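Chemist: All I have is the shape, not the residue letters:
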């Protein structure tokens, strides 16, 4: 994403957060589990979703443009490596940029032909059948790191001859988005994939964790609701802190984006 384009996306988020009546939302949300959040909170959540989706869409657009070139349709790695190398340098969150053949064998910009296969990846069959991939979470075979996959097929005529992809570093992507948002100390943004696994979080140790496995029953119930409804409000306790969270599912990635408000710890007065 260009610096100018990223700035355009980030500015509305910072402005919304500066003006957002979080205490009012928190008080209203405590009154009833059916509380409707303030419009500003919904706008901030959508801005977080849009910033993330737009970054992934920009990566996909770059890949689709490359997939249409003669270098890609030649399926010749020596011709493909230079433009893919330029793409790798342009992506701040890239972990690996690769070209895969229909049998799953693949090349990366950093390592050339790899001695592994992508054929066992959950996303790979649909990719080779001609469908784009955006937002699939994997442990990268080439880097061993937590990664977000964005990929597109390469076709020659009506036949798919391979695929171009980027394994984005999940921690770098989370940092990129969080730096753009800069939320207040009592507000947390995060995203869950369709299985309930954490895709993005400012606390990088939580990325790829299943919140339902590390929280109490209130969090387990909240995650079930977040995965079953298109949007809403949930209440739960995590690590001793009560939270009210507005959530919304992205139609593009299928991720559930969430804006959580941390309630202050009760004041204990000594006699």
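Modeler: Sure, I can see it. Everything numeric here is computed off the predicted structure, so don't read it as measured data.
Chemist: how about low-confidence regions in the chain?
Modeler: Residues of the chain meeting the criterion pLDDT under 70: 1-39, 265-271.
Chemist: all helices for it, in order.
Modeler: Using DSSP state H, the helices assigned to the chain run over residues 3-19, 22-31, 39-67, 70-73, 77-90, 124-128, 170-181, 211-214, 217-228.
Chemist: Tell me which of these approaches residue 139 most closely.
Modeler: Smallest distance to residue 139 across the helices of the chain (CB to CB): 9.8 Å, for helix 170-181. C-beta here means a position set from N, CA and C on the backbone, and glycine is covered the same way.
Chemist: coming back round to it: to residue 113, which of the helices of the chain lies closest?
Modeler: With distances scored as CB to CB, the stretch of the helices of the chain nearest to residue 113 is helix 77-90 (7.4 Å).
Chemist: How far away from the center of its chain is that closest one?
Modeler: With CA atoms, centre = their mean, to the nearest Å as the basis, helix 77-90 stands 24 Å off its chain's centre.
Chemist: Could you export the helices of the chain as TSV, including mean neighbour count?
Modeler: Shown next, in TSV, are those (neighbours: other CB atoms under 10 Å):
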stretch	mean neighbour count
helix 3-19	14
helix 22-31	16
helix 39-67	20
helix 70-73	18
helix 77-90	16
helix 124-128	18
helix 170-181	20
helix 211-214	16
helix 217-228	16
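Chemist: can you tell which of those helices is closest to residue 194?
Modeler: helix 217-228 (7.2 Å).
Chemist: what's that closest one packed up against?
Modeler: Judged by 3 or more CB pairs under 8 Å, 6 or more residues apart in numbering; DSSP states H and E, the packing partners of helix 217-228 are strand 187-192, helix 211-214, strand 231-238, strand 241-249, strand 256-262.
Chemist: Rebuild the helices of the chain as JSON lines, extending it with distance to residue 247.
Modeler: Below are the helices of the chain laid out as JSON lines (distance: least, CB to CB, whole Å):
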{"stretch": "helix 3-19", "distance to residue 247": "17"}
{"stretch": "helix 22-31", "distance to residue 247": "12"}
{"stretch": "helix 39-67", "distance to residue 247": "8"}
{"stretch": "helix 70-73", "distance to residue 247": "38"}
{"stretch": "helix 77-90", "distance to residue 247": "32"}
{"stretch": "helix 124-128", "distance to residue 247": "26"}
{"stretch": "helix 170-181", "distance to residue 247": "16"}
{"stretch": "helix 211-214", "distance to residue 247": "12"}
{"stretch": "helix 217-228", "distance to residue 247": "5"}
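Chemist: wait, which of these is closest to residue 111?
Modeler: helix 77-90 (11.2 Å).
Chemist: From the contact counts, what lies against that closest one?
Modeler: helix 39-67, helix 70-73, strand 94-100, strand 105-108, strand 159-169.
Chemist: Now tabulate the helices and strands packed on helix 217-228 in a markdown table and tack on distance to residue 54.
Modeler: Shown next, in a markdown table, are the helices and strands packed on helix 217-228 (distance: least, CB to CB, whole Å):
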| stretch | distance to residue 54 |
| --- | --- |
| strand 187-192 | 14 |
| helix 211-214 | 25 |
| strand 231-238 | 19 |
| strand 241-249 | 16 |
| strand 256-262 | 13 |
